[in-house]
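one predicted model, sequence on top.
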Amino acid sequence: MVLQPAGGTSNAKEASSLEDFLKPVPTYSRFYFTATDMDTQRYGLSATRHATLLRDAFRQVIESGTSFLLSDGTTSANFDEAIDRVDEGDAMVVVTGDRQVTPFPVIGSSGSFKDHIQELTSLLDAGHRVVFKVKAHDGYDLHLFSRDNIYRDFFYAFQPLIRDDLRFFSINGKKARSERFFYFETWSLHRPPHGIEEVFPETPYY
């Protein structure tokens, strides 16, 4: 994905030369993690009975060799401790390596990452990742931004968790343009719309 500031590119400075025009536009990856408990009709990664299991799988991918920088400037080496200290709507930086890093600004529940594209891309370009704690209908979801595509790592972390009462769906973010599509499981669980793929224990990564 290409990250553009809120309001689009109408005020962007035009390319001053052919070299500028041909320069590749940086692209980034983002991953949104949510869950629904169909028995209790609770919506949110942290609100289902498998919340601990799902959070452990997420942590497995991003915690190794990293630390977590919160918006108040404090750090933690423990993912669970760090995410519990992040307010809903705000973010923490997953610090990788020893490159200089600054905290991500406080956004609050009424703000959006789109208001801080410059800060976000600066962190991603330095090799760090950013995790947002997003308010869900019940509890919260996790929204991760990364310069590199780490879908493969998440695929292999979550696939072993699949069982009769825990199903795993991979959704093409470009298709999820409405809340109805996003919560497809409430109306079309057994025949997911185009753009949604169920992952089974035998599904190969490709």
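Everything's here; your move.

CA only for contacts and neighbour counts going forward, please
Noted.

number of nearby residues for the nearest residue to N149 once chain neighbours are set aside?
Excluding its sequence neighbours, the residue lying closest to N149 (Cα to Cα, 6 or more residues apart in numbering) is S29, at 5.5 Å. Using other Cα atoms under 10 Å, S29 has 17 other residues around it.

quick check, pLDDT for S29.
pLDDT, S29: 95.

numbering from 179 from now on, please.
OK, 179 is where the count begins now, so the last one is S207.

so what pairs up with it in the strands?
S207 has these beta-bridge partners by DSSP bridges: S324.

so it is in contact with R307, correct?
No. Using Cα atoms under 8 Å, S207 is not in contact with R307; the gap is 10.0 Å.

who touches both of those two?
Common contacts of S207 and R307 (Cα atoms under 8 Å, 6 or more residues apart in numbering): F323, S324, R325.

neighbours of T364, how many?
Counted with other Cα under 10 Å, residues neighbouring T364 total 12.

any idea how far it lies from F246?
T364 is 35 Å from F246, where distance means Cα to Cα, to the nearest Å.

also E259?
Taken as Cα to Cα, the span from E259 to F246 is 10 Å.

per the record, what domains does this structure have?
196-330, 345-384 (automatic domain parsing).

endpoints of the last one, how far apart?
Terminal residues of domain 345-384 lie 19 Å apart, using Cα to Cα.

got a list of what the closest residue to E241 other than its chain neighbours touches?
Excluding its sequence neighbours, the residue lying closest to E241 (Cα to Cα, 6+ apart) is F257, at 6.4 Å. Counting by Cα under 8 Å, 6+ apart, F257 makes contact with R237, E241, F246.

quick check: of those, which has the highest neighbour count?
Each of these was scored for neighbours by other Cα under 10 Å, and F246 scores highest at 24 neighbours.
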